[in-house]
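[1] build me a structure from this.
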Amino acid sequence: MNNLTKDELIQKLEQVRIREQRYRTMLDDSSDPIFSFNHEGQYLYVNRQFAAGLNIKKPEDIIGKKIWDFFPKEEADKRFAVVKEVFDSGKAHSLEVCVSNSDGEHYYLTTVKPIMDDLGRVDYVICISKNITQRKLMEEELKRTALYDLLTELPNRALFSDRLKYAIIQARRKAGNLSLIFIDLDKFKPINDNHGHNAGDLLLKVVAKRLQNCIREADTVGRFGGDEFVVLLPTIEKSTDALEVAEKIHQALNRPFKVAGYPVMNISSSIGVAIYPEHGDDETQLAKNADAAMYLAKKRGRDNVVLFCPD
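    A predicted model of the protein is given here:
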């Protein structure tokens, strides 16, 4: 560099300036939010995408201000703790963040990278965020489909089993009672045969709503598939409490069903009731006995409620 002529030096500096301007333009126009911090949490640089995420038109209105000026203290502290770790360790870190604006909630995976000075110390950090909102939505959908019945949106067998296990643990700890109620719809097959599966699906959705209207907020209704439903009452005083709920369900399902586009449908239900710990002190035995009571209800002519009774 020392051997360059004045004109060559000017040309080199101009090339550097042009290159820096090009990089700056690339950062400014990036579809990813990009920003940088100093040790005190002040923004040294933000691009247009980052500013837009905060509903701020001009990036320069952010520069010089601190992260706490734009986010609640708890959230800002959480984010800057990662930034501080990068300053302290000199190593890059990543974190997921959620930004709420007028468009709703957006999720980002932010990578925080250290920028060193000539002495090898962290001068500032640069943060590059990737929008992962679609990925998060897909993850939530996968989680939902893994735990909930797609047709009725009730807990499926897996989620219901978890809730039952937890309820048994609580009941055992408190020496309390709970109830498991198995429900099978009578005369459902003719609905599918005579009106088609779409009519059957619509009917199942209405059944699910009626069941939910029969229980408390702390109780759970699940669907195990087909026309099989199950109810968990995690706290009851005595067996008659469970029988009252079962009879309420029985009466609710006996009312005619009006489904748009189809004739009035009539079904009934066979319901089996089991009580913890009297009829089983674990999930498997309790479910087995509730199921046995339900089949006994069918055997007795359907359209009734049966409390499990050991032989």
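[2] what sits against residue 131?
    32, 106, 107, 108 (C-beta atoms under 8 Å, 6 or more residues apart in numbering). All C-beta spots, glycine's among them, are computed from the backbone N, C-alpha and C.
[3] among those, which ones are in strands?
    Among those, DSSP state E puts 106, 107, 108 in strands.
[4] tell me the one of the contacts of residue 131 nearest residue 226?
    residue 107 (36.7 Å; C-beta to C-beta).
[5] in space, what's closest to the closest one - neighbours in sequence excluded?
    Computed as C-beta to C-beta, 6 or more residues apart in numbering, the closest residue to residue 107 that is not its neighbour in sequence is residue 136, at 4.4 Å.
[6] what distance do you get for the one you found to residue 143?
    10 Å (C-beta to C-beta, to the nearest Å).
[7] comparing the two, which residue is more hemmed in?
    residue 136 (17 against 10; other C-beta atoms under 10 Å).
[8] right, and the more buried one touches residue 109 too?
    No. Under the criterion of C-beta atoms under 8 Å, residue 136 makes no contact with residue 109, lying 9.6 Å away.
[9] how long is stretch 45-57 from one end to the other?
    Start and end residues of stretch 45-57 are separated by 14 Å (C-alpha to C-alpha, to the nearest Å).
[10] which parts of that stretch are buried?
    Across stretch 45-57, burial judged by 16 or more other C-beta atoms under 10 Å covers 45, 46, 47, 48, 49, 50, 51, 53, 54.
[11] list the contacts of the third one.
    In this case it means residue 47. 27, 28, 29, 30, 33, 34, 35, 59.
[12] that one and residue 152: what is the separation?
    46 Å.
[13] hmm, back to that, ramachandran angles for the residue nearest to residue 107?
    The phi and psi values for residue 136, taken as degrees, to the nearest 10, are phi -60, psi -40.
[14] taking the contacts of residue 131 as a set, which two sit the farthest apart in space?
    So, the contacts of residue 131 by C-beta to C-beta: farthest apart are 32 and 107, at 13.3 Å.
[15] ok, these two, which is more surrounded?
    residue 107 (18 against 14).
[16] who does the more buried one form a beta bridge with?
    residue 98 (DSSP bridges).
[17] pretty sure it sits against residue 96.
    Yes. Look at residue 107 against residue 96 with C-beta under 8 Å: they come within range, at 6.4 Å.
[18] need the residues touching each of these two.
    residue 132.
[19] all helices of the stretch 201-311 of the chain, in order?
    For the stretch 201-311 of the chain, the helices defined by DSSP state H, counting those that start in this stretch occupy 239-254, 283-299.
[20] could you export the ones you listed as JSON lines, including mean pLDDT, mean neighbour count and distance to residue 82?
    Putting those into JSON lines (pLDDT from 0 to 100; neighbours: other C-beta atoms under 10 Å; distance: least, C-beta to C-beta, whole Å) gives the following:
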{"stretch": "helix 239-254", "mean pLDDT": "97", "mean neighbour count": "18", "distance to residue 82": "49"}
{"stretch": "helix 283-299", "mean pLDDT": "96", "mean neighbour count": "19", "distance to residue 82": "41"}
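[21] from residue 267, how far off is residue 260?
    17 Å.
[22] and for residue 288?
    From residue 288 to residue 267 the distance is 25 Å (C-beta to C-beta).
[23] name the SS class of the residue lying closest to residue 227 once chain neighbours are set aside, please.
    Once flanking residues are discounted, residue 227 sits nearest to residue 185: 3.9 Å by C-beta to C-beta, 6+ apart. Classification of residue 185 using DSSP: H, G, I helix; E, B strand; the rest coil returns strand.
[24] wait, residue 185 sits on residue 265?
    No. Contact between residue 185 and residue 265 fails when scored by C-beta under 8 Å: they sit 10.7 Å apart.
[25] residue ranges with poor pLDDT in the protein?
    Counting by pLDDT under 70, the ranges of the chain that qualify are 1-27, 101-102.
[26] show me where it has strands.
    34-37, 43-46, 93-101, 104-116, 122-131, 177-186, 220-225, 228-236, 268-276, 304-307.
[27] send the alpha carbons of the first one over as CSV?
    Extracted in CSV, the C-alpha atoms of strand 34-37 (Å, rounded to 0.1, in the frame of the first residue of the first chain):
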residue,chain,number,x,y,z
ILE,A,34,-30.4,-7.8,10.2
PHE,A,35,-29.2,-5.6,13.1
SER,A,36,-26.2,-5.0,15.4
PHE,A,37,-25.6,-4.2,19.0
